[in-house]
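*Asks:* next comes the sequence, and after it the predicted model I'd like to discuss.
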Amino acid sequence: MDPVGIFGGTFDPIHYGHLRTAFELRRKLRLSEVRFLPNGDPPHRDGAIAEALHRLGMVKAATAAQPGFVVDDRELRRDGPSYSVDTLLDLREELPECSMCLIVGMDAFLGLPKWHRWQTVLKLAHVIVAHRPGWQVPDAGPLGELIKNRGTDAVDDLHSERAGRIYVHAVTQLEISSTALRRLIGRGGDPRFLIPDAVRAYMHEHNCYPLEKSRCK
Ligand code: ATP
């Protein structure tokens, strides 16, 4: 079986930066699927604005028409903080033989040494790092070392081994962030062409970002 892509995020809201990244990496890495996992209570950041149920609804709306995109709500069903290591342990039981590719943006990768049991993360999955605008690939420190020791440019390595490699890939740079979208919506702006129409429609229908709440973040 081809490797499975695992793409976690707050997705508050999901946008074309996420979707294009997943689409390009699925093709480039020959992933059987990309699983989108909206997180419940993210340990490294402030709480989300939209309710978990609606963040999940927006991810479903965004991915419904795309073959190979799968939504996985396990982190929302779990109590307590959403640690990637717990999710990967869970997935490993379901997919014992499968290569797993954890997709993160460069900003998230730079925080890897602070993740709960991050060394175990690398025993469970490869880490695929998507370049984001304005972020540099580390060439020194623990992450520089990690890239030196475990980095690969060969997609075949991600197929022949189940975990443990770091693969850095420049995806099309779309300077979109959920923070900027929430600010835009908070000012009464329209996120059209930054997010899929289906997400925009969902957002309006469920009033996911009431003006008074979005204004503060
Ligand atoms: P926020 O602005 O609220 O921090 P975000 O836009 O970074 O949100 P997240 O849900 O936190 O979105 O991101 C999930 C994952 O997607 C992270 O690994 C992040 O680095 C990555 N990501 C987010 N936006 C982009 C983008 N424009 N291009 C590539 N990767 C992205």
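*Replies:* Perfect, thanks for sending it.

*Asks:* residue contacts, residue 8?
*Replies:* Residues counted as contacts of residue 8 (C-beta atoms under 8 Å, 6 or more residues apart in numbering) are 36, 37, 38, 39, 75, 82, 84, 87, 102. Quick note: C-beta positions are derived from backbone N, CA and C, even for glycine.

*Asks:* where does it fall, phi/psi-wise?
*Replies:* As for residue 8, its main-chain torsions (degrees, to the nearest 10) stand at phi -100, psi 150.

*Asks:* for the contacts of residue 8, which one is nearest residue 182?
*Replies:* residue 38 (15.4 Å; C-beta to C-beta).

*Asks:* that closest one and residue 13 touch, don't they?
*Replies:* No: Residue 38 lies out of contact with residue 13 (C-beta atoms under 8 Å); the separation is 10.2 Å.

*Asks:* give me the common contacts of the two.
*Replies:* Residues touching both residue 38 and residue 13 by C-beta under 8 Å, 6+ apart: residue 55.

*Asks:* can you show me the helices along the chain?
*Replies:* Counting by DSSP state H, the segments of the chain that form helices are 16-29, 52-63, 74-77, 84-94, 106-110, 118-124, 141-150, 155-160, 178-186, 197-206, 211-214.

*Asks:* is residue 166 in a bridge, and if so with what?
*Replies:* Counting by DSSP bridges, residue 166 forms beta bridges with residue 127, residue 151.

*Asks:* what count of nearby residues applies to it?
*Replies:* Close neighbours of residue 166, defined as other C-beta atoms under 10 Å, add up to 19.

*Asks:* so how far is the ligand from it?
*Replies:* Distance of residue 166 to the ligand, computed by C-beta to the nearest ligand atom, to the nearest Å: 14 Å.

*Asks:* residues contacting that residue?
*Replies:* If you count contacts by C-beta under 8 Å, 6+ apart, residue 166 has them with 126, 127, 129, 146, 147, 150, 151, 152.

*Asks:* just put these in a markdown table and tack on distance to the ligand, neighbour count and pLDDT.
*Replies:* Below are these laid out as a markdown table (distance: C-beta to the nearest ligand atom, whole Å; neighbours: other C-beta atoms under 10 Å; pLDDT from 0 to 100):
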| residue | distance to the ligand | neighbour count | pLDDT |
| --- | --- | --- | --- |
| 126 | 15 | 25 | 98 |
| 127 | 10 | 25 | 98 |
| 129 | 9 | 27 | 96 |
| 146 | 17 | 18 | 94 |
| 147 | 17 | 19 | 94 |
| 150 | 18 | 15 | 96 |
| 151 | 18 | 16 | 97 |
| 152 | 20 | 16 | 97 |
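
*Asks:* quick check, pLDDT for residue 41.
*Replies:* With respect to pLDDT, residue 41 scores 65.

*Asks:* low-confidence ranges, the chain, go.
*Replies:* Low-confidence segments of the chain, defined by pLDDT under 70: 41-48, 133, 212-217.

*Asks:* near the ligand, which residues of it?
*Replies:* By the rule C-beta under 6 Å from any ligand atom, the part of the chain lying against the ligand is 9-12, 17-18, 21, 104-105, 107-108, 130, 132, 171, 174, 176-179.
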